[in-house]
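Colleague: Quick check, what structure comes out for this input:
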Amino acid sequence: MNRMKSQLIDLSHTISDGMVTYKGLPAPMICDFLARDACEGVYEQGTTFQIGKIEMVSNTGTYLDTPFHRFADGKDLSEIDLEGVGNLDGIVIQIDEDVKRITAQFFKNYDVKDKAALIYTNWSRHWGSDAYFENDPFLTEDAAIYLKQQGVKLVGIDCHNIDDTSGKARPVHTVLLHNEIFIIEHMTNLHKLPVKGFKFYAVPVKIKGMGTFPVRAFAQVGS
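Modeller: Residues are numbered from 1 along each chain as shown. Take a look at the predicted model:
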């Protein structure tokens, strides 16, 4: 029996100086702390190093939300279990591009128990433009409740926010994070994945007192 060669598929946006992830939040500032030309005379000739410096909010690029993001007593980045963000069985739920309100009904034909459910809306095609922040798709509260009831481990989406941002309520964040179900927003390249049969990884830096941080989300397809 022939097995498909294992392939790693990047599901993250590149973070660059000045890029906007979320309107109203500051863009990252990336520069040299130690530039190569500053190494002259410090090391032997021809030996140079670069040490970078970045200033950014934690909700930058493709990032993971932990319970602490929503709840003061929730687990932060340093406290989450690796089993919740790595080596997860993944499943892709494709949503038609004309759908904006993603209700529980869209998940009824999928087995999401103990899986990373990645919601493919193709909204990432607007990344880097004003259209990315306008009339974007989102999950409804009943969808979050259904996913929680079905035992999902992690929910990712390739758009601006998993919640409806037109009002002040954030029921999807509330339901999922209260039940220690992690959220990943601003994903990309979900069209490159099969519906199922892949492993998913999105491991953040281990930081105390912070609830969100960029991840290098990726999938392993094949074996």
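Colleague: Please make it C-alpha for all contacts and neighbour counts, starting now.
Modeller: Noted.
Colleague: so where do the strands sit in the protein?
Modeller: Assigned by DSSP state E, the strands in the chain fall at 7-10, 29-34, 51-55, 63-65, 88-94, 101-102, 115-120, 138-139, 154-157, 182-185, 196-201, 212-214, 218-221.
Colleague: now stretch 138-158, how far from the chain's geometric center?
Modeller: Centroid separation for stretch 138-158 versus its chain: 14 Å, with C-alpha atoms, centre = their mean, to the nearest Å.
Colleague: An error on my part: the question was meant for stretch 116-135.
Modeller: On C-alpha atoms, centre = their mean, the centre of stretch 116-135 falls 12 Å from the chain's centre.
Colleague: and the strands of the chain as CSV, adding distance to Thr21?
Modeller: Shown next, in CSV, are the strands of the chain (distance: least, C-alpha to C-alpha, whole Å):
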stretch, distance to Thr21
strand 7-10, 18
strand 29-34, 13
strand 51-55, 14
strand 63-65, 10
strand 88-94, 23
strand 101-102, 21
strand 115-120, 18
strand 138-139, 16
strand 154-157, 14
strand 182-185, 10
strand 196-201, 21
strand 212-214, 11
strand 218-221, 19
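Colleague: and the ones you listed as JSON lines, adding mean pLDDT?
Modeller: Listed next are the strands of the chain as JSON lines, based on pLDDT from 0 to 100:
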{"stretch": "strand 7-10", "mean pLDDT": "98"}
{"stretch": "strand 29-34", "mean pLDDT": "97"}
{"stretch": "strand 51-55", "mean pLDDT": "97"}
{"stretch": "strand 63-65", "mean pLDDT": "98"}
{"stretch": "strand 88-94", "mean pLDDT": "98"}
{"stretch": "strand 101-102", "mean pLDDT": "98"}
{"stretch": "strand 115-120", "mean pLDDT": "98"}
{"stretch": "strand 138-139", "mean pLDDT": "98"}
{"stretch": "strand 154-157", "mean pLDDT": "98"}
{"stretch": "strand 182-185", "mean pLDDT": "98"}
{"stretch": "strand 196-201", "mean pLDDT": "98"}
{"stretch": "strand 212-214", "mean pLDDT": "98"}
{"stretch": "strand 218-221", "mean pLDDT": "98"}
